[in-house]
Structures are given as structure tokens and as C-alpha cells.
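> Build me a model:
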Amino acid sequence: MRAFTRPGRSLACGENGMAATSHPLATLTALDVLRSGGNAVDAAIAAVAVQCVVEPANTGIGGDCFVLLAPAGGGVVALNGSGRAPAAADPERLRAEVVQDLATSVHSVTVPGAVDAWARLAAAHGTKGLDELLQPAIACAEDGFVVTPRVAHDWHREGERLLRSAAGRVCYLPDDRAPVVGQKVRLPALAITLRRIAAHGPDAFYRGALAERMVAFLNAEGGVHSVDDFAAAQGEFLAPISTSYGGLEVHQCPPNGQGVITLLMLNILAGFELGRLDPDGAERLHLQAEATRLAYRDRDACLADPAKAEVPLARLLARDYAAALARLIDPERALPALPPPLTVPHADTVYLTVVDRERNAVSFINSLFESFGSGLVCPETGVLFHNRGKCFSLEPGHPNELAPGKRPMHTIIPALATRDGQAEIAFGVMGGHYQPVGQTQVLTDVVDFGRDPQEALDAPRSFAYGGALQVEPEVPAASVDGLQRRGHEVVPSGRPLGGGQMIVIDHQRGVLLGGSDPRKDGCALGY
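You can find the predicted model right below:
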């Protein structure tokens with residue numbers, strides 16, 4: 001239990017339904033849908049659509065999504081809503097043009113998959129249509145929304161990316177500057193696009209006038225996208241992958257997402273008795289850092305679109321392989337330097353989770369990848385495009401090499417944990433490449449250290465990726481000293497690491513317990 005004399009958030013408690021998101025308007029939207037008779041899927045779609053308006057640095061309809069759903073009757077379903085590279089994508093040409101960083105190129109824009117995925121999810125598992133579920137987002141875009149503190153911070157910090165397109169400046173930099181806390185912002189062009197999608201379904205986005213305008217804009221920027229690429233967009237329902245940890249079965253979407261890396265990290269850490277350690281102490285953080293370094297080495301070497309490359313999924317999930325990696329870890333000393341990674345940390349995303357009265361549980365993540373994605377905004381539609389294609393490699397022969405119609409390695413990963421076939425924990429942690437580490441930390445905080453969802457999300461974080469071990473300011477000084485003695489190069493993180501949400505279903509008592517990350521503006525609310 002938290003000390004009530006100190007700043008902090010109380011655990012959210014409810015019985016009939018709960019939503020936890022990174023923005024208060026999204027949480028309220030989800031609860032409104034639940035209280036009006038919608039289920040968790042309906043609530044999640046309506047909430048994420050609102051986030052696509054009010055958190056423009058982090059997400060938008062020009063991005064991708066992944067979903068895990070645990071229906072009340074049992075089982076877990078995964079939905080891959082990530083888009084593909086254009087059919088005319090040519091890595092040889094990009095290498096010849098010496099394109100060093102796909103993030104600053106229109107070639108980082110893969111076909112957005114989110115809108116199609118929302119429609120598929122609603123049709124298969126929801127009770128309401130997009131015509132109704134998009135109305136709160138339309139209202140936010142049309143009537144305006146008030147900018148909250150973390151949103152204002154991200155807008156100010158990363159807003160220069162919007163200068164890459166004239167419409168980015170016009171739509172998202174009112175008065176030629178990032179909006180401040182308390183300022184009201186309207187996005188009329190995006191509102192019109194959302195209205196068309198609500199009226200005509202996903203075809204309004206992927207076919208016809210809207211698609212033609214988006215393709216024309218991308219082509220004018222030097223892209224090779226076509227209307228056929230947009231028309232071919234199609235999300236996929238898949239069987240999830242999983243591993244057992246602490247009596248739970250932990251589920252992830254299969255590759256091209258990096259969820260398998262969370263499972264690999266959990267399998268590595270299962271070889272250590274974490275529960276006997278100080279949760280914020282040097283030994284626990286060291287073990288987590290070493291598991292991160294080993295798992296991410298494999299991620300950067302072999303994770304890709306399994307439809308286009310061989311991904312050694314069985315090997316990455318094998319217990320004996322994780323045990324072999326665990327044996328490499330010295331509790332008192334950091335491993336020598338590993339091969340450098342192929343990508344860089346820090347990206348922006350929104351994650352939310354909703355559980356309804358029937359105990360349908362949804363774990364939902366939607367993203368533009370980096371802050372404001374590519375920075376490219378189509379002036380006629382108001383669509384801000386993601387830059388997920390940055391995660392492709394241009395190294396010839398690499399499993400994740402850019403190729404026509406290929407999905408890039410994806411960082412966004414929702415998570416669900418079940419016990420005896422029933423959903424027990426729906427959770428996720430935003431933050432681009434950080435996500436497997438964040439998921440591992442918050443889950444082990446609950447399972448091994450008995451922290452409640454809010455305590456787990458409040459805890460200080462660290463991230464061993466890209467060279468040094470980044471630590472948030474709240475990591476105890478004694479832990480930092482202990483990490484340095486073990487040979488880690490410890491540096492301040494410079495910004496909050498991730499941002500997460502979690503809902504625990506207590507089936508025995510019939511209640512819901514939720515938390516929302518203080519690193520964001522959002523909240524968890526139940527009723």
C-alpha cells in the first residue's frame with residue numbers, strides 16, 4: 001500500500017468494468033461505451049480513436065496497431081494490424097541513393113494498418129460499428145480538445161519533425177509553435193476524414209478519393225506508394241505465442257512484432273529467484289539488464305516478417321535455449337560488450353486496456369513509431385503518417401531487409417496473462433524498443449514482488465540497450481553504485497522510460513484492479 005502522505009496514485013478498483021489509458025479523455029470514452037452497453041472491444045476502439053486525435057505525437061490513423069483479446073469464454077486471439085512496404089519498394093535503389101536513415105525518408109512510410117484492424121476487430125468481436133465508435137474522436141477533432149501536460153511536453157520536444165510538410169505545420173503547429181498546456185486545438189481536416197470512415201467504413205480510407213489523395217501526397221514527397229498498395233491492406237487474426245511464468249501463461253502476438261523477446265526475457269529470468277531480491281536493488285536491475293542485452297542481440301539479428309524471412313521462433317521460445325543464455329549471466333559482473341544493435345531506442349506509442357462486465361479483456365496498442373511519425377501530413381485528409389519502415393534494415397540479406405510487400409520488425413506489443421484459461425492480467429508498456437523490458441519489469445513486479453498494478457507502474461526503470469545502461473532519476477543511488485561496480489556504464493535516461501497500463505482481474509473476489517503510468521497524462525478508472 002502506498003504512503004498516503006506522499007504524492008502518488010491510488011490503485012483503481014471496480015467491479016463492472018475498467019479502462020486504463022494514457023489520456024483521460026480516452027479513459028472516459030471507454031467507460032462511456034461500457035456504461036452504454038458496449039463491450040471491451042467497442043470501448044477499446046472508441047478510446048484509441050480518441051487517442052489518435054488528442055495524442056498526435058504518439059498515435060494516429062496513419063499508423064499501425066496490434067491487439068490481444070481474451071474473450072470471456074476462454075482462449076486468446078491476436079490481431080496483427082501492421083502495414084506493408086509498397087510493392088515498388090526497392091532496397092537496391094535506396095542503397096544506391098545512400099539513404100542512411102529511413103526515419104527521415106518518405107520510404108519509412110509503410111501502408112497504415114490501424115483503420116483496417118479496427119474494422120476487423122469490431123466486426124469479429126464488437127457489438128457496435130465504427131459509425132458509432134468514431135463519434136467521440138470526431139467530436140475531439142471537430143470541436144477541439146484541451147492539451148494536457150505530457151502531450152504538451154511531447155509536442156514541444158518533438159514538434160520540429162512536423163516542419164517536414166507544409167500541412168504538418170498548418171495542422172499541428174497553430175501560430176507556428178507547439179501548443180501549450182491548456183490550449184485548445186482543433187483538427188478539422190482529420191475530423192472530415194474520420195467522418196468519412198465512420199459513414200463508409202475502412203474502404204473510405206483504403207479505396208477511393210481519400211486513398212488517392214494520400215498516395216498522391218506520398219508520391220509528391222518521393223514515395224513509391226500506389227492505390228493498389230492501400231487497397232491491399234489487410235490485418236490478420238493469428239494464434240498468439242506464449243510461455244509460462246509464475247503460474248501464468250503469458251501471451252504475445254507472433255512476429256513481425258517483438259513480443260517473443262518479452263517471452264525470451266521471462267524464460268531467462270525464470271532461472272533466477274527474483275522474489276528474494278530487492279525489487280529496485282542493483283542485483284535485480286543487473287539481472288534484468290543482462291537478460292535484455294542477450295535477448296535484444298537475438299532480436300536485432302533475426303526478427304522479421306515471417307512471411308518473407310525465416311524467423312527461428314521455436315529456438316527463441318525454447319526453455320533450454322533460455323537456460324543456456326541464463327548461464328552466461330554472472331550476478332556480480334556485466335558481460336563483455338555485445339555486437340552493436342541495428343536500431344536505436346525511444347519511440348512513441350499509446351497503449352490501453354479494457355475489461356468489461358463479462359470479463360472480456362482487451363490489450364491494445366496503436367502507434368506512429370517515433371514522435372509524430374514521419375512528420376508527413378497529407379493536407380487534404382489531415383492524416384499524419386507513421387515511420388514504421390525505419391525498422392527495416394538496408395543490409396543486404398538481413399532477415400529484416402526492406403522488400404516489396406514486407407512488414408518491418410515491429411516494436412509495439414500488447415500483452416495478456418491467463419491462469420487456467422482465464423484472463424488475469426491485461427498489460428502493456430509503451431516506449432518503442434523499450435517495450436519488452438517494460439513488460440518484463442511490470443509483470444515480474446506483480447508476480448515475484450507482490451506489487452499491485454499501480455505500484456508496478458510507478459516503480460523506477462532502467463534500460464540496457466544501445467550501449468550504456470539508462471536509469472531514471474528515481475533509481476536509488478545505492479542501486480546505481482551497485483550497477484557500476486558490476487561493470488555497467490550507467491547514464492541518466494534523459495526522459496521517462498515508457499508508459500504503461502495494467503488491469504488485474506481478481507476472479508475470486510469478482511473485482512478489477514488497475515493502474516496507469518504516472519509518466520503519462522492518463523488514468524485507470526473502474527465502476
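> what comes up buried for the least confident helix or strand in the chain by mean pLDDT?
Ranked by mean pLDDT, DSSP states H and E, the helix or strand of the chain with the weakest confidence is helix 91-96, at a mean of 87. For helix 91-96, burial by neighbour count (16 or more other C-beta atoms under 10 Å) applies to 91, 94. In short, each C-beta sits where N, CA and C put it, glycine included.
> which other residues reach that helix?
102, 105, 107, 392, 394, 396, 401-403 (C-beta atoms under 8 Å, 6 or more residues apart in numbering).
> ok, 6 Å please
Outside helix 91-96, the residues that touch it by C-beta atoms under 6 Å, 6 or more residues apart in numbering are 394, 401-402.
> cool, stretch 428-440 as well?
Contacts of stretch 428-440 (C-beta under 6 Å, 6+ apart): 258, 261-262, 265, 292, 345-347, 349, 351, 363, 365, 411, 413-415, 463, 497-500.
> Among the residues you listed, which lie within helices?
261-262, 265, 292 (DSSP state H).
> From the contacts of helix 91-96, pick the one nearest Ser242.
Glu401 (28.6 Å; C-beta to C-beta).
> and that closest one, what are its bridge partners?
Beta-bridge partners of Glu401, counted by DSSP bridges, are Ser393.
> and it, how many residues sit next to it?
Per other C-beta atoms under 10 Å, the neighbour tally for Glu401 reads 17.
> And for Leu328?
Counted with other C-beta under 10 Å, residues neighbouring Leu328 total 11.
> Distance check, Ala426 against Thr353.
4 Å (C-beta to C-beta, to the nearest Å).
> Return every residue with contacts to both of these two.
363, 503.
> pretty sure Cys13 belongs to a strand, no?
Yes. Going by DSSP: H, G, I helix; E, B strand; the rest coil, the assignment for Cys13 places it inside a strand.
> give me every residue that touches it.
By C-beta under 6 Å, 6+ apart, the neighbours of Cys13 are Gly526.
> Helix, strand, or coil at Glu439?
Not Glu; residue 439 is Gln. Reduced to three states by three-state DSSP, Gln439 is helix.
> ugh, wrong one, I meant Ala204
helix.
> Ends of stretch 223-241, what's the gap?
Taking C-alpha to C-alpha, to the nearest Å, stretch 223-241 runs 35 Å from one end to the other.
> Same question for stretch 490-504.
Note: stretch 490-504 ends 33 Å apart using C-alpha to C-alpha.
> Kindly report the same for stretch 125-134.
16 Å.
> ok, and for that stretch, which residues are buried?
For stretch 125-134, the neighbour count (16+ other C-beta under 10 Å) marks 125-126, 128, 130, 132-134 as buried.
> And these, which is closest to Pro56?
Distances from Pro56 to those, taken by C-beta to C-beta, are shortest for Leu134, at 16.3 Å.
> Pretty sure Arg195 is one of the things that closest one touches, is it not?
No. Using C-beta atoms under 6 Å, Leu134 is not in contact with Arg195, being 8.0 Å away.
> got the contact list for the residue nearest the centre of the chain?
Ranked by distance to the mean C-alpha position of the chain (C-alpha atoms, centre = their mean), the top residue is Ile412 at 3.7 Å. The neighbours of Ile412, taking C-beta under 6 Å, 6+ apart as the test, are 66, 349, 365, 367.
> Point out the least confident one among those.
Lowest model confidence among the contacts of Ile412 falls on Thr349, which carries 79.
> Any idea how many residues pack against it?
Neighbours of Thr349 under the rule other C-beta under 10 Å: 30.
> Could you report the distance from it to Gly60?
Distance from Thr349 to Gly60, by C-beta to C-beta: 11 Å.
> cool, and Tyr351?
Distance from Tyr351 to Gly60, counting by C-beta to C-beta: 15 Å.
> more neighbours, the two?
Tyr351 (37 against 27).
> That one is in contact with Ser363, isn't it?
No. Counting by C-beta under 6 Å, Tyr351 does not reach Ser363; the two are 8.0 Å apart.
> And what about Pro404, helix, strand or coil?
coil.
> Tell me how far whichever strand or helix holds Leu28 lies from the chain's centre.
Assigned by DSSP states H and E, Leu28 falls within helix 24-35. Centroid separation between helix 24-35 and its chain, computed with C-alpha atoms, centre = their mean, to the nearest Å, is 20 Å.
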